[in-house]
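S.K.: predicted structure and sequence below. I'll ask about it afterward.
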Amino acid sequence: MTSVSRPPAFFDLPDEEQAREVTSLAQEASGAAAITEPTPDAPANALPPSAPALLDLPEGMPGGRVDHQWTPDLLQPRPAPTASLHPIAMGLVLLLLGWLVLSALGFVGDQFARSVTLGWATVLVFS
């Protein structure tokens, strides 16, 4: 005996037990009393009031694209970012120059400590 299996549906209506459970959970969360029986005029396989549902368009409303006149600008490619080698090289040059200036000032100070004449001679040489 072969059984016929149907493919799973994404929007199957819940059975009565699932509908009652979903309704009671939603009403417990909202603080209202749970409804245990569906209303007599509602169909047996109707979705509970808290379940999501698709809405139909009212009569006379156009369907299709919402705004058919909208045309966005064409995307332009971004400019290539600058290479990081240039800022790194500039930073290293700045560090080197700062180190040389501080070394020269230290040397001039050392020459002044030995002799005032040597100090002024060193200032003239560096300038």
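M.R.: Here it is on my side, so go on. Numbering: from 1, shown residues only.

S.K.: for His86, see how far away Val93 is.
M.R.: 11 Å (C-beta to C-beta, to the nearest Å). (C-beta placed from N, C-alpha, C; glycine too.)

S.K.: repeat that for Thr122.
M.R.: When Thr122 is compared with His86 (using C-beta to C-beta), they lie 35 Å apart.

S.K.: so for the two, which sits in the more crowded spot?
M.R.: With neighbours defined as other C-beta atoms under 10 Å, Thr122 and His86 compare such that Thr122 has more, 18 against 9.

S.K.: residues contacting the helix or strand containing the more buried one, please?
M.R.: Using DSSP states H and E, Thr122 sits in helix 116-126. Applying C-beta atoms under 8 Å, 6 or more residues apart in numbering, the contact partners of helix 116-126 are Ala104, Phe107, Val108, Gly109, Gln111, Phe112, Ala113.

S.K.: can you flag which of these belong to helices?
M.R.: In this view, the contacts of helix 116-126 that belong to helices under DSSP state H are Ala104, Phe107, Val108, Gly109, Gln111, Phe112, Ala113.

S.K.: what subset of these is buried?
M.R.: Taking 16 or more other C-beta atoms under 10 Å as the criterion, what is buried in the ones in helices among the contacts of helix 116-126 is Val108, Gln111.
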